[in-house]
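Novice: Just need the structure, nothing else, for what follows:
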Amino acid sequence: MSRTLTKTRLTAALTVLALATGCGAADMTRQASPFANAQSARTVTLSVQSWVGAQSNEAVAQYLLEHELGYRVDTVQVDEVPAWDALSQGRVDAILEDWGHPEQEKRYVDDKKTITRGGDLGITGHIGWYVPAYFAEQHPDVTNWKNLNKYADRLRTAESGAKGQLLDGSPSYVTNDKALVDNLKLDYQVVFAGSEAAQITQIKQFAKERKPFLTYWYSPQWLFEKVPMTEVRLPAYKEGCDADPEKVACAYPHTPLQKYLNADFARSGGRAARFLKNFRWTTEDQNEVSLMIADDKLSAQGAAEKWVRSHESTWRPWIPS
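Specialist: Numbering: from 1, shown residues only. Predicted coordinates for the structure are as follows:
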């Protein structure tokens, strides 16, 4: 997944969140928030990722920080790995959804100790390869990777040339797909849509025309509600099988999604820091907000407010005394 652009006003930030369901924007980490590390000020700066599930986390956290705790919230949108640099340097105070970056975690959490763990988000993420359910029902064997070459001709596109197409989102996402195609000797070409939004548009078009497709996708993600998809079974994941990026020949792991806080903010951030550590919800909660933003076209602010009003029993325990 990927990220970009600083917005210093709540209205502008929420407008961007409502529109920016895609990835792949330029790295703007040097353009720090004017509120990051503000001394004695009731301000919080959140790193917001560009995929809509992460935007849902941020929108609800922002709404509650402002309306229940009285903080002013700023957001910085930035690619996944540079977000760790920004967090370490205090340009942002928190990352609310990380899909696993062990090198950065070792460097900043264990060695430099400039970042601290903020706990589980409460959601388990999983990346995989998917085909539309209607195609899997017609050809059940396509759900085993060993049979994918059998269907390469059916999955060709103008972008993939003589090979079948494996549709990815942005090159900045966590992806092993090029190595998997090579190491499993698959007759496929990885084609990057460029962003989550562009990938969704392509998937929806394929589904509208009832065409077969093979795509990199991930859960939780609201699109499963609109376009049912079936996962293709890759060779089983085992600890360490993805240690060498060039030799990966196994499935993606199931990853409990994590939160991280700037270490100074974690110590001095008061109720805001405690709230972000307490923030923990379910896949169903996140998807409910994501659907309102991406499919119902509510603003992120509107979706967060609607969710907050109907789920007080969920969020009330997050509010520190």
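Novice: Now find how far off-centre whatever helix or strand residue 74 lives in is within its chain.
Specialist: Per DSSP states H and E: residue 74 is located in strand 72-77. Once both centres are worked out by Cα atoms, centre = their mean, to the nearest Å, strand 72-77 turns out to sit 17 Å from its chain's centre.
Novice: The helix or strand following it to strand 72-77, inter-axis angle?
Specialist: Under the assignment DSSP H and E, the closest C-terminal helix or strand after strand 72-77 is helix 80-88. Here helix 80-88 runs at an angle of 140 degrees relative to strand 72-77 (axes from the mean of the first three to the mean of the last three Cα atoms, to 10 degrees).
Novice: which helices and strands sit right next to helix 80-88?
Specialist: Applying 3 or more Cβ pairs under 8 Å, 6 or more residues apart in numbering; DSSP states H and E, we find helix 80-88 packed against strand 43-48, strand 94-98, strand 115-132, strand 254-262. Backbone N, C-alpha and C define where each C-beta goes, glycine included.
Novice: The strand holding residue 74 - contacts with which helices or strands?
Specialist: In this structure, strand 72-77 packs against strand 6-7, helix 10-19, strand 43-48, helix 52-67, with contacts taken as 3+ Cβ pairs under 8 Å, 6+ apart.
Novice: Let me have the helices and strands packed on helix 80-88 in a markdown table, extended by mean pLDDT.
Specialist: Shown next, in a markdown table, are these (pLDDT from 0 to 100):
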| stretch | mean pLDDT |
| --- | --- |
| strand 43-48 | 94 |
| strand 94-98 | 96 |
| strand 115-132 | 97 |
| strand 254-262 | 96 |
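Novice: In TSV: these, plus mean neighbour count and distance to residue 242.
Specialist: Formatted as TSV, the helices and strands packed on helix 80-88 follow (neighbours: other Cβ atoms under 10 Å; distance: least, Cβ to Cβ, whole Å):
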stretch	mean neighbour count	distance to residue 242
strand 43-48	26	25
strand 94-98	25	16
strand 115-132	20	11
strand 254-262	21	11
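Novice: For residue 276, find the nearest of those.
Specialist: Comparison of the helices and strands packed on helix 80-88 against residue 276 by Cβ to Cβ identifies strand 94-98 as nearest, at 5.2 Å.
Novice: Domain boundaries for this protein, per the record?
Specialist: 6-124+256-318, 126-254 (automatic domain parsing).
Novice: For those domains, state which one has the densest average packing.
Specialist: domain 6-124+256-318 (a mean of 20; mean count of other Cβ atoms under 10 Å).
Novice: Sheet partners, orientation included, of the strand holding residue 74?
Specialist: strand 6-7 (antiparallel), strand 43-48 (parallel) (DSSP bridges).
Novice: still on that earlier bit, any chance of the helices and strands packed on helix 80-88 in a markdown table with distance to residue 270 as columns?
Specialist: Converted to a markdown table, these look like this (distance: least, Cβ to Cβ, whole Å):
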| stretch | distance to residue 270 |
| --- | --- |
| strand 43-48 | 10 |
| strand 94-98 | 13 |
| strand 115-132 | 15 |
| strand 254-262 | 12 |
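Novice: tell me the secondary structure for the closest residue to residue 129 other than its chain neighbours?
Specialist: In space, and not counting its chain neighbours, residue 129 is closest to residue 232: 4.3 Å by Cβ to Cβ, 6 or more residues apart in numbering. Under the three-state scheme (DSSP: H, G, I helix; E, B strand; the rest coil), residue 232 adopts strand.
Novice: re earlier: of the domains of the chain, which shows the lowest average pLDDT?
Specialist: When these are compared on average pLDDT, domain 6-124+256-318 comes out lowest at a mean of 84.
Novice: next one: that domain to chain centre, how far?
Specialist: Distance, centroid of domain 6-124+256-318 to centroid of chain: 12 Å (Cα atoms, centre = their mean).
Novice: Understood, closing this out.
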